[in-house]
Structure formats: structure tokens, C-alpha cells
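Chemist: Kindly return the folded structure for what I paste below:
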Amino acid sequence: GYFLTVIVLEIVFGLLASIIVMGFSRWREFRADAGGADLAGREKMIRALERLAQSYGKSTLPSEVRAFGISGGVAGGFKRLFMSHPPLAERIQALREVQGTHRWTVSFDDITAADVLLLVGTNMTETNPVTALKVKEAVKKRRASLVTIEALEPSIEPISNIANLSLHHFCVPTPHLQNAVLGLLKAVIENDSIHPDLTRRHPSYVNDLRDALARMTWREIETATGKDAASFSAAAKTIAEGRHVVVLAGQSLLRSAGGYWNSLNLLDLLLLIGKLDQPGCGFAPLAEENNDQGAIEMGAVAEFLPGPCEGADPVERDRIMSSWGSDLPPSGGASLVEMLDRAGAGILKAMFIVGENPAASLPAQVRAHDSLRKLELLVCQELFLTETAALAHVVLPAASSMEKAGTFTNTEGHVQAVRPAIEPIGE
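Modeler: Purely as a prediction, here's the structure:
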């Protein structure tokens, strides 16, 4: 009776929460025909672009730039095309360097079949609910051991968080998640859990890592994380003894200042215990938004061309220029944080932001709000009047996924067709 009551309450509260969220979203919806916002007109945008072109020069760009499934014409007036999705670029670089591919080497089936799962900075019950269901299935039905390093405490609410299921939970402030990862690495080495083949084949790598971690004391790690050496040792032993080990990292870790190095450290962990290249094992960085994987492969990352291909590869550049019938910028673009730094310094004069909300999503120390205010022209293409769109000189409407045809590429790399359910609303 008790469990049935809890289930019913979860369903009821879940439905009420959904209704509230949908109502709030509808209230904020920012559509061209709704009259809910003061849209700057096409002529104002053209005049601003012409003014920038006269002041800062022109460049020839492809007549259409498509990213995140939203397309629109782009005329001259920018010195260079910048496209960015910051966590993706660092994640791609780390994965390619270590495992040779930017994609997951595990699947959802591997998650449900894992006997040990490590979650770092995910808060996945809210941010990645589909993957969270797979993790819960592995733990509840298959008795997998769960290790969590999260900036949240276990709690039982209408929607309880994933930390409730942890065998070893480390509640660590977001800025110190990386210290907890280093604590696990240090414990693996001190527990002598390094795979013997790795020591035999790559002794210099193991020795360098051992020396680097030896310079960190347990007192420093405990100060940063609130957990002692014994806690890390127990968690490291659980991970090292697993047959099928999957590591999942979320945006709290990947978006931090050392996102690239954090990814490498988690790959180091799998390497040390001999699991990185084993079937059913691997590192799975979680997508921040729908179609992140598709964005990578369509080239909407500053450092890469579609594929993704290296922007400095002459063969790939020639192939893409031939296909597009247009020249490419001579070098890669800038990351979002770099663009904001340039905007704050007065170097970057205009930005076209599509489906991104840096004023709200980036850490406070980036000072995105201040940098965006210094732009001479900020154009946003959005479904909603976000914090960033509210700062824009021009806001353009966009079609949602319910209103257009295309594809989404899911986290596993499966391309999924999308068909319109309704005609686009507005003019």
C-alpha cells in the first residue's frame, strides 16, 4: 500500500509539474505572430549590417549557414564566421586524442548491462532523463554498483535525484569536481589497481601519472572535496573490480574551466584499470542539448569542419570547398567564451546567436551579460525571449522541431528522422 501510494503521488506530482512548466513556457513563448515581444524589423538589421560593413570591411560567406537545424541567409559584413559550442570542442579533442573517435564507444545497452557506473557532474535525472532511466535500470534491476560525484545531496522528492542509488556518493561543489576525479586516480594508483599490461607496455605514462598525483596530498583533496582517502580508496576499488565499467560526465564537469583536462582524466581512469578498450566499457560525455552530436557532425563547432574534419587538413578543406562552391575562412573560429572576451574588449562588433543563451548558461565569471551589451549588433534567432534575446538589437523567429523536417543525431550516434507535425506558426 505504501509503495503504491508513493508511485501514484509521483505520477500526480509529475503531471502537475509538467503542466506548470508547459504553462510557463507558453507564457514566455516568443513567436513572430504572437505580439509578445518588440521585434526589430528587417530594415533595422540590414542598416546595422551595412554600417558594420562600412566600418570593418566585408568578407564572402556561403549564402546559407545552417546549424542546429535553423537556417537563414547571411550577407557580407563580418570579418570572419565564428561558430561555437564550447563543451563540444574540448570533448571532441579529448576523445579523439585518446580513443580515436569523437563518438561514444558505448551504447545505452552497455549502460544497462554495466556492473559499475561512475557519474560525474551529471544531475542526470533533470538534465538527461533518458540516460538516467538506463542507469536506474542497471542499478535497480541488474544490481550495478553506482559511484556518483555530484554537487547535490541524495533526496527523496516527487522526482528524486540519482544520488539516492549510490553505493559511494561524493557531494562535491561544482568547482571541485575535478579534484574528486584526481582523488579517484590517486586512489587507483595507491591501491595498486593499475592493469599490469599497461605498466608493462607504457611504463613512462604510468610513472609520469604516478609522479604528478604524488604531488597532491590527501589533505588538499579532502579540503577541496570533503572526503578522506579511505572514501576514495573504497570507491576506486569498486570501479577497478568491475567487469563492465561505464563513466558518464555531465555539463557541470565538461563546462568547467578545465573541461578538456577533466575529460582526459576520466579517460586516464579507464586506461589505468584496463577498461578503456574493453567491450561494454567506455567514457560517455552527456549531451547538453538535443542534437549536440548532429551539431558536431554538421560542422557547427569552431574547430572542425563537417564530418567532423580537421579544419587545417588541406584534403578535407578542398573537398568541402568543392562541395560548397565557396572558400573557407583561413583558420578556425573562436569558442563562445573567446568571442565574449573579444566582445568585452571591443574587438568583436557583432554576433548572431542561434538557439543559445550564454547570458544565463555560462558561469558568472565569464561576464557574458556585460560583453553582450558592448556589441554594436546582436542578432538572436530564438523560440523564446531568453535572457540573451532580451539584450538583442534584432530578434528573429525560428521554427521548432515540431514545425520542420530534418534529422536529429542522438547521443549514441543514431540518426533519427524528424517530420513536421504542424505548419510553422507566423509569417
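
Chemist: could you give the mean pLDDT of stretch 299-307?
Modeler: Averaged across stretch 299-307, the pLDDT comes to 79.

Chemist: same thing with stretch 373-392?
Modeler: 93.

Chemist: got the CA positions of it in CSV?
Modeler: Once side chains and other backbone atoms are set aside, the C-alpha atoms of stretch 373-392 remain, and they are given as CSV (Å, rounded to 0.1, in the frame of the first residue of the first chain):
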residue,chain,number,x,y,z
ARG,A,373,25.8,44.7,-24.1
LYS,A,374,29.0,46.1,-25.7
LEU,A,375,28.2,44.7,-29.1
GLU,A,376,27.2,47.1,-31.8
LEU,A,377,24.9,44.5,-33.2
LEU,A,378,23.4,41.4,-31.5
VAL,A,379,21.1,39.2,-33.5
CYS,A,380,19.3,36.3,-31.9
GLN,A,381,17.2,33.7,-33.6
GLU,A,382,15.0,32.1,-30.9
LEU,A,383,11.8,30.4,-29.9
PHE,A,384,11.6,32.2,-26.6
LEU,A,385,12.6,35.6,-25.2
THR,A,386,15.6,34.3,-23.4
GLU,A,387,17.9,36.4,-21.2
THR,A,388,20.2,36.7,-24.2
ALA,A,389,17.4,37.6,-26.7
ALA,A,390,16.3,40.3,-24.3
LEU,A,391,19.6,42.0,-24.9
ALA,A,392,19.5,41.7,-28.7
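
Chemist: Identify each buried residue in it, please.
Modeler: By neighbour count, with 16 or more other C-beta atoms under 10 Å as the criterion, the buried positions of stretch 373-392 are 375-386, 388-389, 391-392. (Glycine included, C-beta is placed from N, CA and C.)

Chemist: again, but for stretch 261-279
Modeler: Buried positions in stretch 261-279, judged by neighbour count with 16+ other C-beta under 10 Å: 261-276.

Chemist: and what of stretch 240-257?
Modeler: Of the residues in stretch 240-257, those buried under the neighbour-count criterion (16+ other C-beta under 10 Å) are 240, 242, 244-256.

Chemist: any idea how far the residue nearest to the spatial centre of the chain lies from R103?
Modeler: Nearest residue to the geometric centre of the chain (C-alpha atoms, centre = their mean): E288, 3.8 Å. As defined by C-beta to C-beta, to the nearest Å, E288 lies at a distance of 16 Å from R103.

Chemist: Likewise for A212?
Modeler: Taking C-beta to C-beta as the criterion, A212 is separated from R103 by 29 Å.

Chemist: Quickly check the buried residues of stretch 373-392 for the two that are furthest apart.
Modeler: With distance counted by C-beta to C-beta, no two of those lie farther apart than E376 and L383, which are 25.2 Å apart.

Chemist: next one: phi and psi at P285?
Modeler: The main-chain torsion angles of P285 are listed as degrees, to the nearest 10 and equal phi -70, psi 130.

Chemist: swap in A249?
Modeler: Backbone torsions for A249, taken as degrees, to the nearest 10, come to phi -120, psi 140.

Chemist: what's the answer for V245, then?
Modeler: Here is the backbone geometry of V245 (degrees, to the nearest 10): phi -120, psi 130.

Chemist: Show the contacting residues for it.
Modeler: A114, D115, V116, L117, L118, I239, L270, I273, K275, C281 (C-beta atoms under 8 Å, 6 or more residues apart in numbering).

Chemist: give me that answer again for 7 Å
Modeler: The contact partners of V245, taken as C-beta atoms under 7 Å, 6 or more residues apart in numbering, are A114, V116, I239, L270, K275, C281.

Chemist: Would you mind confirming that the second one is in contact with G242?
Modeler: If I follow you right, that is V116. Yes - taking C-beta atoms under 7 Å as the definition, V116 is a contact partner of G242 at 3.1 Å.

Chemist: how about the helices of the stretch 51-200 of the chain, start to end?
Modeler: If you assign secondary structure with DSSP state H, counting those that start in this stretch, the helices in the stretch 51-200 of the chain sit at 86-99, 108-113, 124-127, 129-140, 177-190, 196-201.

Chemist: May I have the last one as PDB, with CA atoms only?
Modeler: Once non-C-alpha atoms are left out, helix 196-201 reads as follows in PDB (Å, rounded to 0.1, in the frame of the first residue of the first chain):
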ATOM      1  CA  PRO A 196      49.600  -5.000 -15.400                       C
ATOM      2  CA  ASP A 197      49.600  -4.800 -19.200                       C
ATOM      3  CA  LEU A 198      49.500  -1.000 -19.100                       C
ATOM      4  CA  THR A 199      52.500  -0.900 -16.700                       C
ATOM      5  CA  ARG A 200      54.400  -3.300 -19.000                       C
ATOM      6  CA  ARG A 201      53.600  -1.600 -22.300                       C
END
